[in-house]
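**Student:** quick one, fold the following:
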Amino acid sequence: MISSFPHRTPVAVLALLLGVLILETGSPQNLKKRRRPEIPLNERIIGTIPIETDAPAYERYQLQVSDAVFSLDFRIENSPADLDLFVYNSADDLIAYSELPLFNETLRLNRISDPALTSGPLSVEIAYQYNVPPRVSGETLTEIPFELTVHAAIPEVTAILRPGDTRTGRLQPDDGMISLYRIDVPPGTQALRLDISESDADVDLFLNRDTPAIDPFSAAYWAQSVRSSEVLVVEPSSDPPLRPGTYYATVIDQLSDTYPADYRISVHDRSDAPEHLLRPIRPTTATNPRDRPLQATVEVLTFSGGGSGVVVHPDGYILTNRHVVLADSGDPAEEITVGISENYARPPEARYLAEVVEISVERDLALLKIVSGRYGEPIPAGTEFVFLEPRFSPVPEIGDDLRFVGYPSIGGTGSRASITYTRGTVAGYQDVPFGRLIKTDAEINEGSSGGAAIDADRRLIGLPTEVVGLDAGQLAYIYPMAAIPRSWRAYCSGAAPEPDAWQETAAG
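**Tutor:** Below is the predicted model of the structure:
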């Protein structure tokens with residue numbers, strides 16, 4: 001199924017790749033180790049690698065990682081030959097490497113990477129892995145010069161906050177995409193609430209008492225999801241309970257380090273949402289017909305994942321895929337946020353909460369309804385949402401043009417994506433127990449599940465649901481509107497016609 005939930009490369013894959021490297025070239029790990037003095041962090045080291053004519057060559061350096069370091073960036077510069085980077089732990093086990101066909105390599109490790117950076121000694125190896133000495137300007141080198149920098153991100157307290165304070169912040173790539181705040185909680189405080197808002201990034205929040213949690217997962221409390229807004233509430237009944245004293249809040253983007261990420265952090269001494277987050281419910285309108293599919297296609301997110309959805313009724317009913325709204329337990333998520341794009345160049349902001357109305361396990365479909373604003377604000381009577389009209393028949397023919405709108409995870413430069421519009425054709429059909437699916441050759445990726453597949457008249461013909469192949473020739477399945485259970489069709493705008501035998505071959 002298509003999903004927007006991020007995942008990381010398993011260590012086993014790295015081990016497999018390393019095995020290939022050992023078989024083909026021989027690894028510096030098998031060479032005699034020459035020890036060098038500990039190198040300073042955040043300073044450029046100038047070195048050379050002596051070249052032997054019949055064996056790989058390398059230089060090794062030592063460094064010490066303190067508990068205050070969040071991330072390390074290793075960088076080789078100004079090398080005239082292809083040098084590679086290898087990092088070993090105190091047991092001399094290879095934990096990370098970079099061996100791209102580049103003369104100057106870079107490598108990043110932090111407390112949440114896979115593998116994760118840990119405190120203690122590390123070894124850094126710069127290796128020339130070829131048996132033939134490099135030639136530069138017609139001359140054979142007897143040594144390879146290089147410059148090595150190991151940049152350490154050591155978070156420092158950005159500001160001291162007290163209940164009632166709010167600050168804007170920015171996560172910077174050079175700082176490891178992490179910020180640290182100290183929060184003073186006075187005696188008698190019955191609740192401590194922290195909010196992250198006004199961000200385009202997937203920013204997470206961690207809280208610890210007395211000492212900063214440089215390793216975020218050692219924190220006593222955390223709020224992390226795939227959303228750009230987070231809420232963390234600690235009370236005397238929490239585990240561990242709220243007590244007066246000093247707390248440290250860590251704000252971090254765990255997924256992207258390409259561009260800076262802005263955000264707002266606020267601290268309050270009550271559990272309900274602060275006033276600056278409560279905004280009047282004013283659904284966007286689509287005055288231009290071209291905007292209608294963009295306004296009606298929403299981002300649907302849960303605590304651990306999500307995808308896309310389509311508003312199909314002005315009262316806020318949404319069609320999506322069942323797997324989009326499932327929690328890790330396999331049950332429908334208790335909290336589902338809905339984001340609508342107001343600026344197509346930016347990721348959508350979660351503006352609403354929705355509840356599951358109906359679920360179809362067999363058809364992997366879910367019907368939702370918007371029930372409130374993001375922080376529980378009531379929906380005013382008479383509020384109408386932009387929606388798409390369904391097309392139940394005729395079913396598109398092979399070769400017909402289709403358009404697709406959704407929130408694929410690859411559709412952004414940072415940790416969250418803006419809305420994406422692609423085109424394709426009906427590539428064929430596939431019969432399944434409940435009817436006939438539509439195949440398409442359109443570009444559809446993780447996160448597109450539950451989005452809109454529309455015809456030339458901007459009518460909803462179905463939901464892209466499943467990628468058929470991930471190789472050179474990718475296809476995807478569309479669940480047509482005819483696959484929607486008959487009992488759900490009253491929640492779609494307009495009268496839904498009865499399906500014929502071609503559209504739906506199973507009752508339900």
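
**Student:** okay, and the helix or strand of the protein with the least pLDDT?
**Tutor:** helix 11-25 (a mean of 35; mean pLDDT, DSSP states H and E).

**Student:** in the helix or strand following that one, what's buried?
**Tutor:** As assigned by DSSP states H and E, the chain's next helix or strand after helix 11-25 is strand 44-50. Neighbour counts over strand 44-50 (16 or more other Cβ atoms under 10 Å) mark 45, 47, 49 as buried. Every C-beta, even on glycine, is put in place using the N, C-alpha and C of the backbone.

**Student:** whatever helix or strand comes next after strand 44-50 packs against which elements?
**Tutor:** For strand 44-50, the following helix or strand on the C-terminal side (DSSP H and E) is strand 57-65. Counting contacts by 3 or more Cβ pairs under 8 Å, 6 or more residues apart in numbering; DSSP states H and E, strand 57-65 packs against strand 44-50, strand 120-128, strand 143-153.

**Student:** most tightly surrounded among those strands?
**Tutor:** Counting by mean count of other Cβ atoms under 10 Å, strand 120-128 has the highest mean neighbour count of the helices and strands packed on strand 57-65, with a mean of 20.

**Student:** just for the protein, where's the confidence low?
**Tutor:** Applying pLDDT under 70 to the chain flags the ranges 1-37, 53, 411, 468-473, 494-508.

**Student:** measure residue 249 to residue 95 for me?
**Tutor:** 29 Å (Cβ to Cβ, to the nearest Å).

**Student:** the more surrounded of those two?
**Tutor:** Taking neighbours as other Cβ atoms under 10 Å, residue 249 and residue 95 compare with residue 249 leading, 26 against 18.

**Student:** beta partners for that one?
**Tutor:** Taking DSSP bridges as the rule, residue 249 bridges to residue 181, residue 207.

**Student:** you'd agree residue 414 is in a helix?
**Tutor:** No - according to DSSP: H, G, I helix; E, B strand; the rest coil, residue 414 belongs to no helix; its state is coil.

**Student:** surely it and residue 261 touch.
**Tutor:** Yes - with contact defined as Cβ atoms under 8 Å, residue 414 counts as touching residue 261 (6.6 Å).

**Student:** more crowded one of the two?
**Tutor:** Each of residue 414 and residue 261 has its neighbours counted (other Cβ under 10 Å); residue 261 has more, 26 against 20.

**Student:** which of the buried residues of strand 44-50 sits closest to residue 66?
**Tutor:** residue 45 (18.8 Å; Cβ to Cβ).

**Student:** so what's that closest one up against?
**Tutor:** By Cβ atoms under 8 Å, 6 or more residues apart in numbering, the residues touching residue 45 are 39, 61, 147-149.

**Student:** also residue 39?
**Tutor:** Contacts of residue 39 (Cβ under 8 Å, 6+ apart): 45, 61-63, 124, 148, 150.

**Student:** do residue 477 as well
**Tutor:** 430, 437-440, 464-466, 468.

**Student:** end to end on stretch 109-123, go ahead and measure it.
**Tutor:** Distance between the two ends of stretch 109-123: 13 Å, counting by Cα to Cα, to the nearest Å.

**Student:** is residue 490 in a helix, a strand, or coil?
**Tutor:** helix.

**Student:** ugh, typo on my part, it should be residue 482
**Tutor:** Relying on three-state DSSP, one would call residue 482 helix.

**Student:** residues near it, how many?
**Tutor:** Close neighbours of residue 482, defined as other Cβ under 10 Å, add up to 24.

**Student:** any idea how far it lies from residue 433?
**Tutor:** From residue 482 across to residue 433, the span is 14 Å (Cβ to Cβ).

**Student:** now do the shared contacts for these two.
**Tutor:** By Cβ under 8 Å, 6+ apart, residue 482 and residue 433 have no common neighbours.

**Student:** picking that back up, overlap in contacts, residue 414 and residue 261.
**Tutor:** Joint contacts of residue 414 and residue 261 (Cβ under 8 Å, 6+ apart) are 200-201, 253.
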